[in-house]
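Asker: Just need the structure, nothing else, for what follows:
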Amino acid sequence: METVEKGICFRLGEERYIHPLHCIKEVLSYQSPAPALGSSPGVEGMIEVRGNMVTVLYGSHLLDINPNQCDQEGHIVVLDLPTGYFGVRVESVERVMDLPDSLEVESMEYRSHQCIQGTMLEEGELYIMVDFSDYCSTLN
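Answerer: Predicted coordinates for the structure are as follows:
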């Protein structure tokens, strides 16, 4: 039996994004993080989740979106990576969906970013495929 990889769909600004589910530990309602002194740009702070420290990043910073275009960022998507736990602050999490075998990448010139993998169309809606794993793994 063929296994289909799943992704979690979230919204930030005017666009919908989808991130592979395999490294996502959980989705939390937004909670204000404690400031992290000397942290990288885009890091909002730290929260404790079940005894683990989670570095919370602004999703708008990760995807080069003007924060003024985003409504209140209401959820934190927690990634479980070999380098630690990272939370990405997003507006809303909508659903889990199947990922396609291949992605459309030709139309991505309008915004290139290391986290963006390509796009997919699902029921007439455009989704931007992202993966924050490599970016988060470079933070210290």
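Asker: show me where this protein has strands.
Answerer: 6-12, 15-20, 24-29, 43-49, 52-58, 75-81, 84-90, 92-98, 116-122, 125-130 (DSSP state E).
Asker: can you list contacts of the first one?
Answerer: Meaning strand 6-12. 16-21, 24, 27, 59-60, 63, 65, 70, 73, 75, 77, 90-99, 127, 129 (Cβ atoms under 8 Å, 6 or more residues apart in numbering). For the C-beta atoms, the positions are set from N, CA and C on the backbone; glycine is no exception.
Asker: ok, back up a step: and the strands of the chain, which one averages the lowest pLDDT?
Answerer: Lowest mean pLDDT within the strands of the chain: strand 116-122, at a mean of 85.
Asker: Beta-bridge partners for the residue positioned nearest the centre of the chain, please?
Answerer: Centrality entry for the chain: nearest residue to the mean C-alpha point is residue 88, 5.3 Å, by Cα atoms, centre = their mean. With DSSP bridges as the criterion, residue 88 is bridged to residue 57, residue 77.
Asker: what's the closest of the strands of the chain to residue 136?
Answerer: strand 84-90 (4.2 Å; Cβ to Cβ).
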